[in-house]
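Trainee: Sequence first, predicted coordinates after that:
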Amino acid sequence: MDIGMFTVNNSGFCVGLDPSTELLRSWGLDEDVRGLEAFGEIVITALQLAPAPVKLQAAFYEQHGARGIAELQRIIRNLSQSGCPVILDAKRGDIASTAAAYARAWMGMDSTSPVHGITVVPWLGLDALAPFFELARGDHAVVFVVVRSSNPDGAPLQLARQGGGESNAEWLCDAIAQINRDGLCAGAVLGATQRKELAPLLDRLNGAPALTPGVGAQGTRMDELAQSVGHHYSSLIVPMSRHWMMHGPDPKNLAQATLDFQRQDAALRSYQS
């Protein structure tokens, strides 16, 4: 299984959009919703010139209230229309009707701004995420379950051993592969900074797509990641946020950076295949 809809120019390189107040300031933009909207215009222009999958960090929009959420919806619609698959990095997770409401907000026919993927947290149980998986399967989207995060503080919980001896991360990968038996709807978030752990976890995913944050500013290079996972590299979506945004705010520079990273990623995929 490859990453299908998240491939542009034979590449799984993914633009990460994290419009923090620090980023807005570095681009010379207002540190408020007006700056957020100006950021959106720059990004939309850049990705019309060079489309790529996009990972949008919801928190940096939600902190601006209703206008921030409206801008999030606007940029999702514009990017989707420009041929950019959109993953919403929202890390939602709840139970029953609440989980269903979170899912309907961003997936399916009831959503005003449907995305191609969304991140979720599994610690209320995978059964609690069933509404996400059901909507994703019907909408040809992917739910990315946080399995092994890039931050060191995640290790005690994610690597804790269950009664059968497998770690929580290993158990989650097995469960994701099982969920996909009736059609792809689930993937994993695996921090690229955990390079030594990735190949065995990817084995357990059985080809399900994996979103691998941590390339660029967090210290991992694309070639290091590819070397760590070998043939599994074809199933990775490789987001880059701060290292991509440092090429702004000129849209042409951002577009050129996108093309450069896509070429690097595509070459690694060809070599590892």
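Mentor: Great, that's in hand.
Trainee: Next, the buried residues of the top helix by length along the chain.
Mentor: If you go by DSSP state H, the chain has its longest helix at helix 251-272. If you call a residue buried by 16 or more other CB atoms under 10 Å, then helix 251-272 has these buried ones: 251, 254, 255, 257, 258, 261, 262, 264, 265, 266, 268, 269. Using the backbone N, CA and C atoms, a C-beta is placed for each residue, glycine as well.
Trainee: same deal with stretch 236-247?
Mentor: Applying 16+ other CB under 10 Å to stretch 236-247 flags 236, 237, 238, 239, 240, 241, 244, 245, 246, 247 as buried.
Trainee: Ok, stretch 182-190 next?
Mentor: 184, 185, 186, 187, 188, 189, 190.
Trainee: Read off the pLDDT value for the closest residue to residue 183 other than its chain neighbours.
Mentor: Distance criterion CB to CB, 6 or more residues apart in numbering; nearest residue to residue 183, sequence neighbours excluded, is residue 137 at 5.4 Å. For residue 137, the pLDDT comes out at 94.
Trainee: Do I have it right that residue 137 meets residue 182?
Mentor: Yes: between residue 137 and residue 182 there is a contact under CB atoms under 8 Å: 7.3 Å.
Trainee: residue ranges with poor pLDDT in the chain?
Mentor: 1-2 (pLDDT under 70).
Trainee: show me where it has strands.
Mentor: 13-17, 54-57, 86-92, 117-120, 142-148, 186-190, 210-211, 236-240 (DSSP state E).
Trainee: outside of the second one, which residues touch it?
Mentor: In other words, strand 54-57. Strand 54-57 has contacts (CB atoms under 8 Å, 6 or more residues apart in numbering) with 14-19, 47, 72, 75-76, 79, 84-89, 115, 211, 213, 239, 241.
Trainee: now the fifth one
Mentor: Counting contacts by CB under 8 Å, 6+ apart, the residues outside strand 142-148 that touch it are 6, 87, 91, 116-122, 126, 129, 132-133, 136, 154, 158, 169, 172-173, 176, 184-191, 194, 197-198, 201, 209, 211.
Trainee: The last one now?
Mentor: Residues outside strand 236-240 that contact it (CB under 8 Å, 6+ apart): 3, 6, 12-16, 53, 55, 87, 192, 209-213, 215-216, 222, 225, 229, 261, 265.
Trainee: how about a cut-off of 7 Å?
Mentor: 3, 6, 12-14, 16, 53, 55, 209-213, 215-216, 222, 225, 229, 261, 265 (CB atoms under 7 Å, 6 or more residues apart in numbering).
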